[in-house]
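Colleague: Fold the following.
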Amino acid sequence: MRIWLSKNSDVPLREQLATQILLGIVSEDLKPGQKLPSTRELAHRYDIHSNTVSAAYRELAHRGWVEFRKGSGVYVRDRVADAPADATLDLDQLISTLFQIARERGYSVREIQAHVKRWLEAQPPDHFLVIESDVEMRNVLIAEIEEATGFRALGSSIRDCAKPEALAGAAPVAMYGVAEQVRAALPPEVSCLFLKLRSVPASMAGQQRPSPDSLVTVVSRWPEFLKWSHTMLVAAAIDPDALSLRDARERGWQKGLEQSAMVITDALTARRLPSGCRARVFRIIADSSIDELIKLKSSS
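Modeller: Predicted coordinates:
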């Protein structure tokens with residue numbers, strides 16, 4: 001592994017050395033169990049003080065990337081066998097080293113920026129961005145999408161969805177009902193997958209009707225879910241007097257739910273129901289749109 005060190009840089013030599021060794025380990029140029037050059041050897045090779053090398057090795061050992069073996073030297077730590085080390089790879093340090101190496105090879109800042117931008121734009125999405133201004137609805141959509149696809153989902157309002165930090169690494173999605181506003185807010189070159197709402201028959205399919213005198217409770221943090229479910233259940237000939245609506249944002253909303261013959265809820269609130277509840281989750285996103293999300297994830 002080749003190492004570049006700049007003695008005129010504002011980045012300390014210890015940091016330069018530690019970062020480049022870390023990069024070598026992460027990229028597997030340096031293999032688990034591989035012995036690293038001795039402190040004296042590196043100090044002599046790059047004409048730096050041995051204390052600088054020792055400090056770099058100690059930092060890497062503290063973070064779990066290398067290990068000192070008594071009487072033998074410094075070795076790349078086995079990442080599988082050992083406990084996990086530093087969860088973050090010190091991103092700022094890695095980027096700093098990348099820029100420093102590129103500058104030392106004669107590339108201008110403009111050239112570096114252009115190439116980094118091109119590489120970033122070429123990266124596949126690593127999460128869905130759910131664009132919805134109603135916070136409670138957005139949280140329910142996120143819960144449904146993550147549960148159905150196993151892919152991370154973050155949220156944004158329509159007003160903020162065009163911000164670079166929101167779009168970075170994202171595959172934007174939104175409900176068809178806000179398609180016009182979302183298209184107007186997003187940059188022209190950014191595509192968005194618009195999701196269909198699950199139909200009432202699809203939501204009711206397979207649901208066993210409770211007896212006329214049974215208590216049915218609808219619970220959610222999203223007020224529109226309560227209204228929608230109430231309307232749907234009444235339309236399905238459920239006695240309105242047998243319906244209880246609960247706002248999960250209020251204190252004590254879980255009390256007595258086990259006594260209900262059926263608890264109607266959304267995908268997010270379902271996670272917080274007491275054990276023993278006879279829950280029925282009404283989902284918002286149509287199956288066809290879930291299939292589209294899974295395909296989009298698979299192509300990423």
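Colleague: Please count neighbours and contacts with C-alpha atoms only from this point.
Modeller: Fine.
Colleague: give me every residue that touches the residue nearest the centre of the chain.
Modeller: Residue closest to the mean C-alpha point of the chain, counted by C-alpha atoms, centre = their mean, is R152 at 4.3 Å. Residues counted as contacts of R152 (C-alpha atoms under 8 Å, 6 or more residues apart in numbering) are 126-128, 146.
Colleague: please redo it, this time with the cut-off set to 6 Å
Modeller: 127, 146 (C-alpha atoms under 6 Å, 6 or more residues apart in numbering).
Colleague: Same question for E258.
Modeller: E258 is in contact with 276-277, counting by C-alpha under 6 Å, 6+ apart.
Colleague: distance of it from L215?
Modeller: 11 Å (C-alpha to C-alpha, to the nearest Å).
Colleague: Same check on V116?
Modeller: 60 Å.
Colleague: and if you look at I25?
Modeller: From I25 over to L215 the distance is 61 Å, taken as C-alpha to C-alpha.
Colleague: next one: V109
Modeller: 68 Å.
Colleague: quick one, which of those two is more surrounded?
Modeller: L215 (20 against 11; other C-alpha atoms under 10 Å).
Colleague: Correct me if wrong: that one contacts A242.
Modeller: Yes. At 4.9 Å, L215 counts as touching A242 under the criterion of C-alpha atoms under 6 Å.
Colleague: Tell me the pLDDT of R278.
Modeller: If you check R278, the pLDDT there is 88.
Colleague: how much space between the residue nearest to the centre of the chain and I285?
Modeller: As judged by C-alpha to C-alpha, R152 and I285 stand 17 Å apart.
Colleague: Could you do S72 as well?
Modeller: 60 Å.
Colleague: So the two - more neighbours on which side?
Modeller: Set S72 next to I285 and count neighbours by other C-alpha under 10 Å: I285 wins out with 18 against 9.
Colleague: Could you give the bridge partners of that one?
Modeller: On the basis of DSSP bridges, I285 is bridged to L197.
Colleague: measure it to L293 for me?
Modeller: 10 Å.
Colleague: Then W4?
Modeller: Counting by C-alpha to C-alpha, the gap between W4 and L293 amounts to 44 Å.
Colleague: ok, those two, which is more surrounded?
Modeller: Neighbours per residue, other C-alpha under 10 Å: of W4 and L293, the larger number sits with L293, 22 against 14.
Colleague: Give me the pLDDT for the more buried one.
Modeller: 95.
Colleague: Leaving out chain neighbours, which residue sits closest to it?
Modeller: Using C-alpha to C-alpha, 6 or more residues apart in numbering and skipping residues adjacent in sequence, the residue nearest L293 is T149, 7.1 Å away.
Colleague: Show me which helix or strand of the chain is least confident by mean pLDDT.
Modeller: Averaged element by element with mean pLDDT, DSSP states H and E, the chain has its least confident helix or strand at helix 200-204 (a mean of 54).
Colleague: What helices and strands are in contact with the helix or strand following that one?
Modeller: The helix or strand immediately downstream of helix 200-204 is strand 216-220, counting by DSSP states H and E. Packing partners of strand 216-220 (3 or more C-alpha pairs under 6 Å, 6 or more residues apart in numbering; DSSP states H and E): strand 243-247, strand 262-265.
Colleague: Run me through the strand neighbours of the first one, direction for each.
Modeller: Strand 243-247 pairs in its sheet with strand 216-220 (parallel), by DSSP bridges.
Colleague: give me the number of residues near G73?
Modeller: Other residues close to G73 by other C-alpha under 10 Å number 13.
Colleague: if I look at it, how far off is G24?
Modeller: Distance, G73 to G24, by C-alpha to C-alpha: 18 Å.
Colleague: before we move on, what about L141?
Modeller: Counting by C-alpha to C-alpha, the gap from L141 to G24 is 41 Å.
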